[in-house]
Structures are given as C-alpha cells and as structure tokens.
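Participant: Here is a sequence together with a model predicted from it:
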2 protein chains.
Amino acid sequence: MDVHAARSPAMTDVARLAGVSHQTVSRVLNDHPNVREQTRLRVRAAIAELGYRPNRAARALVTGRSQLIGIVAQNSTLYGPASLLAAFEQAAAEAGFAVSVGSVGRLDRESIAGAVERHLDQRVAGLVVIAPVKSADDALEGMPAGVPLVTIDGDPQRSHTLVTVDQAAGARAATRHLLAAGHRTVWHISGPPEWYDAAWRIEGWRAALHEAGAEVPPLVNADWSAASGYDAGRMLARMPEVTAVFAANDHQALGLLRAFSEHGRRVPHDVSVIGFDDVPEAAFFIPPLTTVRPSFDAVAQAGLDLLLAQITDPATPPNRVVIAPSLVERASVAPPA
Amino acid sequence: MDVHAARSPAMTDVARLAGVSHQTVSRVLNDHPNVREQTRLRVRAAIAELGYRPNRAARALVTGRSQLIGIVAQNSTLYGPASLLAAFEQAAAEAGFAVSVGSVGRLDRESIAGAVERHLDQRVAGLVVIAPVKSADDALEGMPAGVPLVTIDGDPQRSHTLVTVDQAAGARAATRHLLAAGHRTVWHISGPPEWYDAAWRIEGWRAALHEAGAEVPPLVNADWSAASGYDAGRMLARMPEVTAVFAANDHQALGLLRAFSEHGRRVPHDVSVIGFDDVPEAAFFIPPLTTVRPSFDAVAQAGLDLLLAQITDPATPPNRVVIAPSLVERASVAPPA
DNA sequence: GAGGGTCTTGTTATCGCTAACAATGACCGT
DNA sequence: ACGGTCATTGTTAGCGATAACAAGACCCTC
C-alpha cells in the first residue's frame, strides 16, 4: 500500500507506462482472449509496478453490475443465521466477491423489502436472503426479475432458486433415535411457528411419530431462546410421563436441561433430550447434548454456487439444493428408566 | 419496486419530468441551500413519481467516496465479534450507510491487509476493524492516511481512533467480587494471549489480586472455546485449593462447569465461577453464570459516531472512547465451603 | 440607473471504466 | 496478387452522478 498515494493510479496511468491504450489494459484485466502474450505481460508488469487496483465503482457504473453480493439477514446473533453469514462471507471472498450485509431488525415484509431495495441501489450482482419466514418470501415476490437471487431455507413452493437444510429429515432422525432408544413417544418444543425451519421440524417430528404408530403429544410452542426452553422445561419437568424431548434448537435444549436439573429430573436417566444446530458449546452442556447438525458451510457453498451460476448466465433456470443434516450422538439420550 | 423496470430511471429522467436540469435534481437530492422551494417540490414530486433512486456507483465514482462502511472482522461465530457486527450493521443502516463485511479467516498481518485493501478498492467511506490483536494493528500502520478508521478493542498505544471495552475494569470487578465473597485467591483461565482483550483481562485480574494482597496463582492459558475451558477445568477440578475461577469468556466457563460437574465439584458450593460476555444462554447454564457484560450496542454506537465524525470532517483528531462493562450477578458465586 | 451583490438555474467537464466499432497488419486460399 | 478472415490494438462514446463555472434574474445602494 502506498503511503503517500495522492491519487491512486487509474487505468490510463497503467496504459501510459506499458505503452498501450487503456482499453488494452482493460482487456488484460478482464482476461479477454485476443491480447498478445507479450503485451499481456507488459501490462501485468505495469499494473504490479504501480500497484494499480481497478476502481470498482467505475466498473459498476458502466456494466450496471458490481462484484458485490448482498445478503439480507436478520440482525441477530442466532447461531444458525450468524453461522450462515460467516460461511457466505468466506465463500464469496474466495470467489472474488465482496459482501454487503443488509440486516433487518424484524422479518416483516417492509423491513425485508427495504433491505432488498437498498441493495438494489448498490447494483449488487446477486442477492442472498436468509429469512426463512413467509413475509420475507412475500416481499421477494415484488422484486424485479433479472436480479440473481437465492433464498436460504425459504418456501419450496416459490419459484426462485433456493437452498434448504432438510429440516424434516433432521427432525425425523432425532425423533426416531429417541423412539429407537425405547421411548413410547417424544415431545417437541418448537421454534416460532412463522419460521419455515420450525414448521418443518414439527412436520418431521410428527411424521416420525406417525410412522412408528406413537401417540403425538401436544406441541409446546416456544421461540428460539434458552429462556423459552427453560419455561417449557419447567412445565414438562412436572409431568412424569415425559421421558423424551426433541427441542427445535440447542439453546432451547440448554434451557430444558437447566429446568430438568432444577426439578431433580436427571438427563438422560429420567428424560432424554435432543437439540438441533450443534452449536460448538453443545458438547459441553450437562450432559453433552445429542443434536442434529446441519452443515452451514455446505449450505453457504451451495447457495453461492447457485448464485454465481445465475450471475454468469442469467438464463439459468431456478434450481434447488437440499442439504441433509446429520445426527450427532452424545450423552443426553438413554433408554427410559 | 417496479416489476417491469427495463432500466431504472436516471437523474436526467427526473429532470425532464420536472422541467429542470439534472444538476438541479442533484442539488435537491443533496440538500443544497440555493434551490427555490417551488422547484424543490416539483423535483421531489418527479422523484416520487418515477420511483427514482440515485445510482450509488455513479456517485461514488465522481466523489471518490461511497456511502459504504467497511468492516473487517474475523470470520467466526465468536459471540463478541458477531454481536459487534450485528450492532454495527444496525447502527450504520440507521445512519444511511451500507455495510460491507470483509471477513478474514485468520487475524494475521496479510489477511488483515488484504481485507483492508479489498475495502479500499470499493472506495469505502470509512473502515471499522474488529481485530483486537497486534498483527492487525501492524497491518493498519501501512494504511494510506485520509481514510476514516476506527478500531475496536485495539491497542491504545496506536494513534488512530478507537473504542474499547474496559476489559481490565471488568476483570477487576469479577476478581474483586470473588475475593469479597471470601475466597483467598482467584484462578484465571485466559483467552489466547495475542488478543488484547485477553491480555487486559489478565491484567485486571492480576491488579485486583495485588490490590487485595492475594497470592497470584499460575495463569491457565486457553483459547476462547468451551473445549479449552473444559480441558482447563479437568485440571483444576483435581486441585482442592481452587475455590474460585474467573474465565475469560462464558463459553470457557461452560466448559469449566461441565468439568467440575463431572468431577463432582459442585458450583458454587465447592467452586465459584465467573465468566465474561454475558451470552444470552449464560442465565441458563447449570448453575446460572455470574458474568461480566460489555455493552456491544454501546461499543458499536460509539464506534459509528466516531467514524461518521471523521467522514464528515476529515480533520477530526484521533479520539478514543472507553465503555465500562457491568457485573451481572447470578448463582455461580458463593463463599468458600 | 449603473455597479455590485445574492439567489437560482443551466452548461460543460469529469470521475474510471467497458462496449462497440474502426483500423491495422498478418496470414490464407485461390 | 487479391479479397477475406482473424488476431490484435486503438478510438470514441457513453454509464450517472457531482463540481466548477457561467449566466440570468432580482435586489440593493449610492
């Protein structure tokens, strides 16, 4: 980095030094085929000598597209979205794209639409929406066609490209695991019902119970927080017939563990618990938590690949990729007493 | 959002509709004083009618500055950095700035320098660096002057503007709290030593012990993970003289609790534990964790304010703001048995 | 009423790049 | 040797905004 840089060098500076026209420099930069090897090298040398770096704004202006990918996500530290965000940044950086984050406070239609528009102002090359709720999908309906778009864990009914974690499969695996351990049935603490993730986990749980001919206990509604898991746990702890609980995420499960511990119900001896997400701390809960691990890296990579395909070729048809989660067995599951 | 938008309207389109020159439209947009009220209204109406939104790239090209703030942070889901990131996005959006995130895999000099350069390519209006390690500060030394810059939890020795959480004060408060409960001394599990946060927490812990005339036990080194806390805990659990531990973050503390639990050492009856960060789950650990809460929102707000001041007036002298953390008392501390 | 200011508006140049087209020369086949 | 293709390079014209300057209208003062 040049310390005294009064003005950073522009393409014409490079051209002058290399003894070519600025257009030739542009061609080298964009890997156009018809440039003599010798010229290419001379230009490259000049670029290196001046420490030239192209001005993204100018390029964006003329092409109408930037090397910027916009991500719309909820402004939160929820583990899932935060992990996805990090994974996306990583993958995008490797592909030479910058990432602009438009976080929204709430996932309602207006917030999402506003964030999308702000990104469109910046002429983003593509948009990733991590907002697995119906209102977000509604907001996306109004989007101008032609902007590459990938939604994460969105509604499969919609027509755009999307990447989803197979939430239902994860929930089924968790529920079956508990049934296989000998439990007569499995209770479920759900996430907020407007989240598709939550809805599908409920669905998978129900499906596994039906499939096994097990009774379906009432659904316990909660949000994603440990506090809500704790509240649910205080209720369940007083019900001796509850011997197995599948929580919609690990934080809820933590709250559950705490509630059971307070009420003297031992996990897994008296009650078995399974979570979802495999947060890094899950292995250190008391007891270590059996949970379902979605691969956020795989989701981000797939999402980015689909997005880049659309950016490269706008005619790419809508596509979808489903990522299978895996069950991570730890110590929070045992046969009923 | 216009669905059929073949090309989004430009300034000249607005000008034509309003019957003025494009320059007048520009003046209205930028709140220049010398525009007749009547003209202003006409232009505003035309803008609204066309749904015109200025092209950021064009503006960035001519002004050399964008309405973009770059954030350099480690690509991780560590609670602190992730929270800061979220808080910054929030604050920046409110100020009308977009946020571009350049995450880095590692915090070494090259990675940081690369991320900074990528942001500079985009002509960011300002830069926030959340990388509280020495190598990051070194990388920043080479930065061209004139780019507004704020570092978070950086080295106070450096000359640029920075916002820090008073880590030492937080550590002192935690240590004093344990001493006040009657413990003869307090052990400390530290974060990675190259992080300033970790170093200051060590310093605060030492200072509090000295101040009280307590013996300073050997420092237990760890990283920020629950796993490292667990490893440290397995060692400490076998040492009966250990009755109070201050962990450098909540995740480590979780690992500690787990290790103590496995070894039959009850918290807080046999050992007291304090963490740092106040992650949302801390209240649901077993037992609920007493911890130190830094206000990430306050840090982000202060950081953004300082940055905006520099953007508005480049002559603003370097400044620094220190945010005081607070102790959150829960159930993991008790007098020694 | 002439000179000088202020307010308001328009004209032109420019930022740094890419797209489209033009120009040059080499090579080819007949 | 001559038109035609191809590879290579240059020239020109924008993209959509702001900046700098110019110009006209209006007001004031002496």
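Facilitator: That came through fine. Residues are numbered from 1 along each chain as shown, chains lettered A, B, ... in the order given.
Participant: List, one by one, the residues from the stretch 51-200 of chain A near chain B.
Facilitator: A:53-58, A:60-61, A:66, A:68, A:75-77, A:79, A:82-83, A:86, A:89-90, A:93, A:98-103, A:105, A:113, A:116-123, A:142-145 (Cβ under 8 Å from any Cβ of the partner chain). Any C-beta I mention is one placed from the backbone N, CA and C, and that applies to glycine too.
Participant: of all the residues in chain A, which ones are close to DNA strand D?
Facilitator: Within chain A, the positions near DNA strand D by Cβ under 7 Å from any atom of the strand are A:19-24, A:27, A:33-36, A:38-39, A:58, A:61-62, A:64.
Participant: now with 6 Å?
Facilitator: A:20-21, A:23-24, A:34-36, A:39, A:61-62 (Cβ under 6 Å from any atom of the strand).
Participant: Quick one: mark the members of those that sit in helices.
Facilitator: Judged by DSSP state H, helices contain the following of the residues of chain A next to DNA strand D: A:23-24, A:39, A:61-62.
Participant: Most neighbours among the residues of chain A next to DNA strand D, which one is it?
Facilitator: A:Thr24 (21 neighbours; other Cβ atoms under 10 Å in any protein chain shown).
Participant: what's that one in contact with, if anything?
Facilitator: A:Thr24 makes contact with A:15, A:18, A:35, A:39, A:43, according to Cβ atoms under 8 Å, 6 or more residues apart in numbering or on different chains.
Participant: repeat for A:Ala222
Facilitator: So A:Ala222 contacts A:189-192, A:228-229, A:231-232, A:248, A:252 (Cβ under 8 Å, 6+ apart).
Participant: circling back: between the contacts of A:Thr24, which is nearest DNA strand C?
Facilitator: A:Ala15 (8.7 Å; Cβ to the nearest atom of the strand).
Participant: in what helix or strand does that closest one lie?
Facilitator: helix A:11-18 (DSSP states H and E).
Participant: what comes into contact with that helix?
Facilitator: A:21-22, A:24-26, A:39, A:42-43, A:45-47, A:49-50, A:52, A:54.
Participant: Now do the buried residues in it.
Facilitator: Within helix A:11-18, the residues scored as buried using 16 or more other Cβ atoms under 10 Å in any protein chain shown are A:11, A:13-15, A:17-18.
Participant: Dump those residues to TSV, plus distance to DNA strand C.
Facilitator: Listed next are the buried residues of helix A:11-18 as TSV, based on distance: Cβ to the nearest atom of the strand, whole Å:
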residue	distance to DNA strand C
A:Met11	3
A:Asp13	8
A:Val14	7
A:Ala15	9
A:Leu17	13
A:Ala18	13
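Participant: sorry, back to before: could you tell me which of the residues of the stretch 51-200 of chain A next to chain B are located in strands?
Facilitator: A:68, A:98-103 (DSSP state E).
Participant: quick one: which of the residues of chain A next to DNA strand D is nearest B:Ala208?
Facilitator: The shortest approach to B:Ala208 among these belongs to A:Leu61, at 56.8 Å (Cβ to Cβ).
Participant: State the distance from the closest one to B:Ala57.
Facilitator: Distance, A:Leu61 to B:Ala57, using Cβ to Cβ, to the nearest Å: 4 Å.
Participant: Turn the contacts of A:Thr24 into CSV, including pLDDT.
Facilitator: Below are the contacts of A:Thr24 laid out as CSV (pLDDT from 0 to 100):
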residue, pLDDT
A:Ala15, 94
A:Ala18, 94
A:Val35, 92
A:Thr39, 93
A:Val43, 95
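Participant: which two from these end up farthest apart in space?
Facilitator: It's A:Ala15 and A:Val35 that sit farthest apart of the contacts of A:Thr24, by Cβ to Cβ, at 13.0 Å.
Participant: Now a ChimeraX select for only the buried ones of the residues of the stretch 51-200 of chain A next to chain B.
Facilitator: To isolate the buried members of these in ChimeraX, using 16+ other Cβ under 10 Å:
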select /A:54,55,56,57,58,60,61,66,68,75,76,77,79,82,83,86,89,90,93,98,99,100,101,102,103,113,116,117,118,119,120,121,122,123,143
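Participant: Take the residues of the stretch 51-200 of chain A next to chain B and keep only those in helices.
Facilitator: Checking these against DSSP H, those in helices are A:56-58, A:60-61, A:79, A:82-83, A:86, A:89-90, A:93, A:113, A:116-121.
Participant: of all of the stretch 101-250 of chain A, which residue lies closest to DNA strand C?
Facilitator: A:Arg123 (12.4 Å).
Participant: so what pLDDT did that residue get?
Facilitator: According to the prediction, A:Arg123 has pLDDT 83.
Participant: mind pulling up the phi and psi values for it?
Facilitator: Note on A:Arg123: its backbone torsions stand at phi 60, psi 50 [degrees, to the nearest 10].
Participant: Now do the contacts for it.
Facilitator: A:Arg123 touches A:60, A:64-66, A:68, B:55-57, counting by Cβ under 8 Å, 6+ apart.
Participant: in stretch A:263-283, what counts as buried?
Facilitator: Quick answer for stretch A:263-283 (16+ other Cβ under 10 Å): A:265, A:267-268, A:270-283.
Participant: Can you show me the helices along the stretch 151-300 of chain A?
Facilitator: Using DSSP state H, counting those that start in this stretch, the helices of the stretch 151-300 of chain A run over A:167-180, A:196-211, A:226-237, A:250-262, A:296-312.
Participant: Point out the most buried one among those.
Facilitator: Among the helices of the stretch 151-300 of chain A, helix A:250-262 has the highest mean neighbour count (mean count of other Cβ atoms under 10 Å in any protein chain shown), at a mean of 26.
Participant: Report the rounded mean pLDDT for that helix.
Facilitator: pLDDT averaged over helix A:250-262 gives 97.
Participant: any bit of that helix sitting next to chain B?
Facilitator: Yes - contact of helix A:250-262 with chain B (Cβ under 8 Å from any Cβ) involves A:251, A:254-255, A:257-258, A:261.
Participant: Return the member of these nearest to DNA strand D.
Facilitator: A:His251 (44.5 Å).
Participant: and the closest one, what does it touch?
Facilitator: A:79, A:224-226, A:229, A:277, A:279, B:280-281, B:284.
Participant: export those residues to CSV and tack on pLDDT?
Facilitator: Shown next, in CSV, are the contacts of A:His251 (pLDDT from 0 to 100):
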residue, pLDDT
A:Tyr79, 86
A:Trp224, 94
A:Ser225, 95
A:Ala226, 97
A:Gly229, 97
A:Asp277, 96
A:Val279, 95
B:Pro280, 94
B:Glu281, 96
B:Phe284, 97
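Participant: Identify the farthest-apart pair in these.
Facilitator: Across those, no pair lies farther apart than A:Asp277 and B:Phe284, at 15.3 Å, counting by Cβ to Cβ.
Participant: is it true that A:Ala131 touches A:Asn75?
Facilitator: No - judged on Cβ atoms under 8 Å, A:Ala131 makes no contact with A:Asn75 at a distance of 11.0 Å.
Participant: Which neighbours do the two have in common?
Facilitator: Common neighbours of A:Ala131 and A:Asn75 (Cβ under 8 Å, 6+ apart) are A:Val104.
Participant: picking that back up, for the contacts of A:His251, give me TSV that also has distance to A:Ala168.
Facilitator: As requested, the contacts of A:His251 are exported to TSV (distance: Cβ to Cβ, whole Å):
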residue	distance to A:Ala168
A:Tyr79	20
A:Trp224	18
A:Ser225	23
A:Ala226	24
A:Gly229	21
A:Asp277	16
A:Val279	21
B:Pro280	27
B:Glu281	26
B:Phe284	27
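Participant: circling back to that earlier point, mark which of the buried residues of stretch A:263-283 are part of strands, please.
Facilitator: Filtering those for strands - DSSP E - leaves A:272-276.
Participant: you'd agree A:Ala282 is up against A:Arg330?
Facilitator: Yes - contact criterion Cβ under 8 Å: A:Ala282 and A:Arg330 qualify, at 7.4 Å.
Participant: overlap in contacts of the two?
Facilitator: Common neighbours of A:Ala282 and A:Arg330 (Cβ under 8 Å, 6+ apart) are A:288-289, A:291.
Participant: how long is stretch A:212-224 from one end to the other?
Facilitator: 27 Å (Cα to Cα, to the nearest Å).
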